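Colleague: below are the sequence and a predicted model; questions follow.
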Number of protein chains: 2
Amino acid sequence: MAYRKTPRTRAKAEQRRARIERATHHVIASGGFASASIAAVAREAECSAGLIYTYYDNRDELLGIVFARAARHELAVIEEAVGEAASAADVVRSVVDVFIRRAVAGRTLAHALLFEEVPDTVQIERRRLRRGYVAVIAEGVSHRYTVEVPAEVVARSVVGSISENLVDFLDPDRAPPDASEVESLITALSTFARTAIGEQ
Amino acid sequence: MAYRKTPRTRAKAEQRRARIERATHHVIASGGFASASIAAVAREAECSAGLIYTYYDNRDELLGIVFARAARHELAVIEEAVGEAASAADVVRSVVDVFIRRAVAGRTLAHALLFEEVPDTVQIERRRLRRGYVAVIAEGVSHRYTVEVPAEVVARSVVGSISENLVDFLDPDRAPPDASEVESLITALSTFARTAIGEQ
DNA sequence: TCAACAATTGAACCACGATTCATTTCTTTG
DNA sequence: CAAAGAAATGAATCGTGGTTCAATTGTTGA
């Protein structure tokens, strides 16, 4: 009798797993979920299609895990920005600024995370992400400021405003926006949102 | 030699076409695009699956046509509401009011038009619809009011705010919101948006 | 009524990518 | 090194709806 799992084996397995998830992330960030077939991921991870199924039950699960990780990261970035804000207006200002700059810098990924058609499992993660944004903003806004509009509605509106104004900027079959357009949008949205919470 | 198309024949064909489109609309309004398989539409239209292909090249085309018609109607409703508004604040107020009430009243359809995953052809129509909303609101707002924020950004933000705040209300696997929740949302969003354009 | 042809049917076909699994390759331990 | 069994492969399979088309039914004009 021979062969049991050893630390070495386990480490290798974890590397594989990490490699598959990194590959998936990479494929999504390059061409969106549409391009993330099992075959494409396997190619990128330099393994066979079959192997992926020893790590994940199915494609949706893999995509969900990768989405969730990316979402956590995006959320952490926004959370940090909000943490540094000194006033409700500041919260809104920095959220708009950071969100839009990041989105434009990583267009394809941002489009995938925000807008692209995704399987149901992933859609659940997307909602979680959006709720995360709302929670962070609502918290940031309400701690420092009170308005007659519930903080959650304010937060949702900020997220919705940013998102809707980003649609064209992130459209994969348009040319990326030039810097001045981005600056204008940031200024405009920032003003809009700050005015809405009755600041300055 | 016999049989040419006659007015009667043509009329019958048009009825068929209308019937298929009405059936499609009905299926979508009851269960969203996901439920609008060719088989389901054929069943509802009381015809065979094959017949549908003598009227439309493929499923996506049919769905696109039906979406477009519904979208035109929705847009007309908003357009009318905006037409009656006396000020920019009024525009915003009535858009929020009409939009949300209509959406909640026709939850499933609203969810399908706004949020559900749809084929690319249909997605194009959805964008057109959203651009339509933006154009109407932008026009309505800018005609009667000027702000430092471009009317288009304001309009997009209004659309985005409404949309994002509606997501949970329209979620097919949640109970429909009760009347008081709807009223609260309308009030809050209305206040938010009017404040944003610096009114009252 | 009948020949000519259009409308309609619905079961068979297909495309496509996820998933499976018999086979091969690698690791481990005695 | 050999046996035991895990890891990995990738071609074959499968599921799902959209789509086709041979066969049937309906309509027209002489």
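Modeller: Great, that's in hand.
Colleague: got the residue ranges for the helices in chain A?
Modeller: Taking DSSP state H as the criterion, chain A contains helices spanning A:7-31, A:38-45, A:49-55, A:59-83, A:88-105, A:107-114, A:120-144, A:151-170, A:179-196.
Colleague: so for DNA strand D, which of those sits nearest?
Modeller: With C-beta to the nearest atom of the strand, the closest approach to DNA strand D among those belongs to helix A:49-55: 1.8 Å. (C-beta placed from N, C-alpha, C; glycine too.)
Colleague: just list what the closest one packs against, helices and strands only.
Modeller: helix A:7-31, helix A:38-45 (3 or more C-beta pairs under 8 Å, 6 or more residues apart in numbering or on different chains; DSSP states H and E).
Colleague: of these, flag the one that's most buried.
Modeller: helix A:38-45 (a mean of 18; mean count of other C-beta atoms under 10 Å in any protein chain shown).
Colleague: now that helix: average pLDDT?
Modeller: For helix A:38-45, the mean per-residue pLDDT is 98.
Colleague: now that helix against helix A:7-31, angle please.
Modeller: With axes from the mean of the first three to the mean of the last three C-alpha atoms, to 10 degrees defining the directions, helix A:38-45 sits at 110 degrees from helix A:7-31.
Colleague: check whether helix A:38-45 contacts DNA strand C.
Modeller: Yes. Counting by C-beta under 7 Å from any atom of the strand, DNA strand C is contacted by helix A:38-45 at A:38-39.
Colleague: okay, the helices of chain A in CSV with distance to residue B:104 next?
Modeller: Formatted as CSV, the helices of chain A follow (distance: least, C-beta to C-beta, whole Å):
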stretch, distance to residue B:104
helix A:7-31, 34
helix A:38-45, 40
helix A:49-55, 43
helix A:59-83, 29
helix A:88-105, 28
helix A:107-114, 25
helix A:120-144, 19
helix A:151-170, 16
helix A:179-196, 23
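Colleague: what sits closest to the most centrally placed residue in chain A if chain neighbours are left out?
Modeller: Chain A has residue A:71 as the residue nearest its centroid, 4.1 Å off, counting by C-alpha atoms, centre = their mean. Nearest in space to residue A:71, with sequence neighbours left out and distances taken as C-beta to C-beta, 6 or more residues apart in numbering or on different chains, is residue A:129 at 4.0 Å.
Colleague: surely residue A:40 and residue A:28 touch.
Modeller: No. Using C-beta atoms under 8 Å, residue A:40 is not in contact with residue A:28; the gap is 9.8 Å.
Colleague: re the thing from before, out of the helices and strands packed on helix A:49-55, nearest to chain B?
Modeller: Closest to chain B of these is helix A:7-31 (C-beta to the nearest C-beta; 15.0 Å).
Colleague: and the angle from the closest one to helix A:59-83?
Modeller: Computed by the same axes, to 10 degrees, the angle separating helix A:7-31 from helix A:59-83 equals 80 degrees.
Colleague: now the residue nearest to residue A:71: how far from residue B:86?
Modeller: 40 Å (C-beta to C-beta, to the nearest Å).
Colleague: likewise residue A:60?
Modeller: 51 Å.
Colleague: more neighbours: which of those two?
Modeller: Neighbour tally, residue A:60 and residue B:86, criterion other C-beta atoms under 10 Å in any protein chain shown: the higher count belongs to residue A:60, 14 against 9.
Colleague: contacts only, for that one.
Modeller: A:119-122 (C-beta atoms under 8 Å, 6 or more residues apart in numbering or on different chains).
Colleague: go through the residues you listed and say which is closest to DNA strand C.
Modeller: The shortest approach to DNA strand C among the contacts of residue A:60 belongs to residue A:119, at 9.0 Å (C-beta to the nearest atom of the strand).
Colleague: wait, doesn't the closest one sit right on residue A:63?
Modeller: Yes. Look at residue A:119 against residue A:63 with C-beta under 8 Å: they come within range, at 6.5 Å.
Colleague: these two: who's more crowded?
Modeller: Comparing residue A:119 with residue A:63 by other C-beta under 10 Å, the one with more neighbours is residue A:63, at 21 against 16.
Colleague: so that one sits against residue A:33, correct?
Modeller: Yes. Using C-beta under 8 Å, residue A:63 makes contact with residue A:33 at a distance of 6.5 Å.
Colleague: quick check: neighbours shared by these two?
Modeller: Contacts common to residue A:63 and residue A:33, judged by C-beta under 8 Å, 6+ apart, are A:118-119, A:122.
Colleague: those residues: which ones sit near chain B?
Modeller: When the shared contacts of residue A:63 and residue A:33 are checked against chain B using C-beta under 8 Å from any C-beta of the partner chain, the ones in range are residue A:118.
Colleague: what is the nearest of the shared contacts of residue A:63 and residue A:33 to residue B:49?
Modeller: Nearest to residue B:49 out of the shared contacts of residue A:63 and residue A:33 is residue A:119 (C-beta to C-beta; 26.1 Å).
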